[in-house]
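Chemist: coords please:
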Amino acid sequence: MLYLPTLISTIEVLLVTVPVLLTVAYVTVAERKTMASMQRRLGPNIVGYYGLLQAFADALKLLLKEYVSPTQANLSLFFLGPIITLIFSLLGYLVVPYGPGIL
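Modeler: Model prediction:
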């Protein structure tokens, strides 16, 4: 039963994160459809019914992209650079007080 609080926290995080990600994905599809209609085009309409699965097709395409690195680049710095930048940008949240009763 030691894992129960961790499991509950994980489920809570997923219950918040998944709808946000799906909303962002479908707002992007709606924007693409709107921009296409303004330009008198069809927009994304091939994947699924009226292009409703376009968000999942875009995610799959992003995950299956080819590994590309510049030939003259230092590979360790090339791949660690974005990770280091992300870490330093998230360090600001260390000073934000979190705990029960905050909200």
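Chemist: helices or strands up against the worst-scoring helix or strand of the chain on mean pLDDT?
Modeler: Least confident helix or strand, the chain: helix 54-63 with a mean of 88, by mean pLDDT, DSSP states H and E. Judged by 3 or more CB pairs under 8 Å, 6 or more residues apart in numbering; DSSP states H and E, the packing partners of helix 54-63 are helix 4-38. All C-beta spots, glycine's among them, are computed from the backbone N, C-alpha and C.
Chemist: buried residues, the least confident helix or strand of the chain. List them.
Modeler: Gln54, Ala55, Asp58 (16 or more other CB atoms under 10 Å).
Chemist: ok, and the closest non-adjacent residue to the first one?
Modeler: In this case it means Gln54. Pro44 (4.1 Å; CB to CB, 6 or more residues apart in numbering).
Chemist: didn't that neighbour look like it was pressed against Arg32?
Modeler: Yes - using CB atoms under 8 Å, Pro44 makes contact with Arg32 at a distance of 5.5 Å.
Chemist: identify the contacts common to those two.
Modeler: Taking CB atoms under 8 Å, 6 or more residues apart in numbering as the contact rule, Pro44 and Arg32 both touch Gln54.
Chemist: okay, those two: which has more neighbours?
Modeler: Counted by other CB atoms under 10 Å, Pro44 and Arg32 do not tie: Pro44 has more neighbours, with 20 against 17.
Chemist: so what does the more buried one look like in phi/psi?
Modeler: phi -70, psi 110 (degrees, to the nearest 10).
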